[in-house]
Every structure is written in C-alpha cells, then in structure tokens.
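S.K.: Give me a 3D structure for the following:
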Amino acid sequence: MTTFNKTARLAMATNIVHGAPQSSLARRVQKLIDPASVASAVGQVADLHEKAAAIHRDRELSDHGKSERIRAAADSRLANIASVAREFVSLEREHAARRSAILADAAPPSADAAQTLIDLELGRLLKAEPPSATALTMASERVRQAVARLPAELTGVSEETRARVIGSLVSADEAWELEEEATTLAAARRVLQSAIDDVAPSADWGPQEMLRHFGADTGWHLRGVVPTLEMLRGENAPSEAEATE
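M.R.: Here you go, the predicted model:
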C-alpha cells in the first residue's frame with residue numbers, strides 16, 4: 001500500500017494547502033484528484049490496490065493467475081487515469097486561453113494613429129532612460145499600456161519585465177483567479193503524475209499504447225516512452241561507416 005499512500009497523501013496535502021478554490025476551473029481541477037471520489041485518479045489508484053490485495057488473498061489462484069488478474073485490473077485503472085489526464089490537459093489549455101484573453105483585454109490595441117504615436121514616443125523615452133522593473137510596474141496606466149502594446153525592441157524592456165507590466169494591468173480579482181488556477185493546476189499535475197507512476201508498472205502497456213492514451217507533448221512522464229524515442233533516434237542515425245563514406 002506504500003505507493004498508494006504516497007499518491008493519496010500528496011492529494012490530501014494538495015487539497016489542504018489550496019483549500020476550497022473560488023475559481024470554477026480550479027474546483028473542476030480539484031475533483032480530478034479528490035481522494036474521496038473513486039472516479040478520480042487518486043480513487044483509481046486506491047481501487048487498484050484494494051483489488052490487488054483481494055486477488056493476493058485468493059488461495060484458489062496460482063501465482064500466474066494472480067499476476068494476470070492484477071495486470072488486467074491495472075490496465076483498466078490506467079485507462080481511467082488516462083481519461084482523467086486528458087480532461088486535466090483540456091483544463092490546462094482552457095486556463096491558458098483564458099489567461100491570454102485577459103492579458104489581451106488589459107492592453108487593447110491603440111484606438112487611433114495619435115495613440116500609436118504616443119506609444120512610440122513613450123517607448124523611445126523608456127529605451128533612452130530605462131527604469132527598473134519595479135518602477136515600471138508602478139508607472140501610470142498609460143505608460144504601462146504602451147509597454148504592453150509595443151514590442152520589446154522598441155522599449156528596451158525585457159520580455160520578463162514586459163510580462164510583469166501586462167500583469168499589472170489586470171484587475172486584482174482576475175489576477176488572483178489566474179494565480180489560483182495556475183497553482184492548483186501545477187499541484188494537481190504532480191498528483192496525477194504520481195498516480196500514473198503508481199499504476200503503470202503493473203499494467204501491460206507499451207510505449208505506443210501509453211502515447212495513444214495519454215497523448216504526445218502533454219507533459220506527462222510516461223513509462224518507457226523516452227528511452228524508446230531515444231532508441232529510435234539512435235536506430236535512425238547513420239552508422240560510423242555510413243557517416244565516413
């Protein structure tokens with residue numbers, strides 16, 4: 001039960017730290033790792049361990065029979081966890097799209113040519129006498145809007161500072177919600193990864209099946225996938241003899 005306890009403890013600690021989020025998206029994320037729900041990733045890990053314990057207690061089964069039944073149970077639970085992981089990635093993308101929209105609204109394009117000229121002049125002044133990042137985030141809204149609208153090359157402001165300036169234009173409520181969603185998503189991803197790591201070794205999934213269910217470029221560390229890709233790259237690389245021809 002050690003691996004299950006690790007995932008469950010991580011989920012419970014996450015829920016304690018983040019409490020009851022105000023954002024509806026963050027609440028949806030928390031449901032995916034709710035230890036009290038058998039449909040959650042954490043619930044699937046617990047269900048597998050309970051099933052495995054029952055199989056081990058069955059004296060009528062041979063060792064091979066027990067292994068086969070546990071593998072089948074793990075396959076089923078891993079498929080359910082993959083479904084949860086896909087829903088989670090969808091919520092990550094929803095958060096990213098919402099964040100982009102809020103930041104775009106914070107610094108809308110210039111209304112007319114006169115405002116564009118003002119932006120350019122402010123950018124020139126900032127580039128000639130660059131203020132500190134802190135001073136810039138506390139500058140007037142008009143100056144911050146110019147920084148947000150202009151490319152960094154025209155203001156001399158680094159992309160990191162420009163991002164901070166854009167963030168300073170967002171309302172306090174929206175900024176707080178975005179931060180809540182981001183931290184909840186990051187914590188939930190750690191719990192989901194733990195659930196994958198718990199169940200995958202007992203399942204009979206190869207790298208292709210892992211990728212088919214969890215998807216590529218979704219940020220998960222999938223058992224056997226990276227070594228296989230590295231091996232394929234090695235197989236496709238020219239041999240020393242071919243390289244010297």
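S.K.: any idea how far E153 lies from R124?
M.R.: Distance from E153 to R124, counting by CB to CB, to the nearest Å: 12 Å. Backbone N, C-alpha and C define where each C-beta goes, glycine included.
S.K.: Same drill for those two, tell me which one is more crowded.
M.R.: R124 (13 against 9; other CB atoms under 10 Å).
S.K.: Not including adjacent chain positions, what is the nearest residue to that one?
M.R.: Nearest non-adjacent residue to R124, counting by CB to CB, 6 or more residues apart in numbering: L154, 7.7 Å away.
S.K.: Following element in sequence after the strand or helix carrying the one you found, please.
M.R.: Taking DSSP states H and E as the criterion, L154 maps to helix 152-155. For helix 152-155, the following helix or strand on the C-terminal side (DSSP H and E) is helix 159-168.
S.K.: and that following helix, what other elements does it pack with?
M.R.: Of the remaining helices and strands, those touching helix 159-168 by 3 or more CB pairs under 8 Å, 6 or more residues apart in numbering; DSSP states H and E are helix 63-106, helix 133-137, helix 141-149, helix 152-155.
S.K.: isn't L32 right up against A188?
M.R.: Yes: counting by CB atoms under 8 Å, L32 touches A188, with 6.2 Å between them.
S.K.: State the pLDDT value of E179.
M.R.: Looking at E179, its pLDDT reads 90.
S.K.: neighbours around it, how many?
M.R.: 12.
S.K.: Then R9?
M.R.: Number of residues near R9 (other CB under 10 Å) recorded here: 14.
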